[in-house]
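In: how would this look folded up:
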Amino acid sequence: MTQAIQTPLPTDESGPATAPVIEETVYEDYFGFSSHHTFTLPDGKQQIFFTSLNEGQKTKFQQKINKDIHLNRATQDVRVKTDPAGERHELIMASVTGWSLMKRHPETGQWMPADFSTGSPGSEVAKWLAVANPVVVEKLEAAIRKANPWLTDDMTVEQVDEEIERLTDLRKEIVAREEKKADFPQ
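Out: Residues are numbered from 1 along each chain as shown. Now for the predicted structure:
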């Protein structure tokens, strides 16, 4: 890509003068892909930082979630074991790079910054995933998937339609719940 740069010269009585146009080649850095994002938690005060996965991170993630396919040649039965929760946790652990979370001190009850670590089953991210609100985890997963479009490349039209149906049903439930709340204000 070429970018034209023109710098105006100082003016005199005859009016502004212009410099010659200088063409400068601009390159995209394909050896340093990095895209950082922030997920704000529902309280609006705490945040989780994550990155779009580069090719190396994508490869490691896919190796961790790869499942064997079992084919019984005699019966032609095919069996694939899926683990959506495991995949969600692996995606989050591969993508999350930091956070600004607070937690209560176990003895004093005072608020303190939560430690951060990732990459192992005993990491702080893994501990958080074990006790976190599933709704928050699902919203974080959705934000990470949105930042990594390759994760949805293999979705079929039927899967998209199923997701739309699931969301439509969820919307109906939320509308009904909010209507009940409106009938019984606190």
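In: neighbours around Glu141, how many?
Out: For Glu141, the neighbour count with other C-beta atoms under 10 Å is 19. In short, each C-beta sits where N, CA and C put it, glycine included.
In: excluding its backbone neighbours, what's nearest it?
Out: Closest residue in space to Glu141, ignoring its immediate chain neighbours: Arg88 at 5.1 Å, by C-beta to C-beta, 6 or more residues apart in numbering.
In: I'd like the average pLDDT over the helix or strand containing Glu158.
Out: Taking DSSP states H and E as the definition, Glu158 sits inside helix 157-183. Mean pLDDT, computed over helix 157-183, is 82.
In: before we move on, the earlier item: the residue nearest to Glu141: what secondary structure?
Out: Using DSSP: H, G, I helix; E, B strand; the rest coil, the structure places Arg88 in helix.
In: which ones are touching it?
Out: For Arg88, the contact set (C-beta atoms under 8 Å, 6 or more residues apart in numbering) comprises Val137, Glu138, Glu141.
In: assign the residue lying closest to Leu71 once chain neighbours are set aside to helix, strand or coil.
Out: Spatial nearest neighbour of Leu71, chain neighbours left out: Val78 (5.3 Å); criterion: C-beta to C-beta, 6+ apart. Look at Val78: counting by three-state DSSP, its state is strand.
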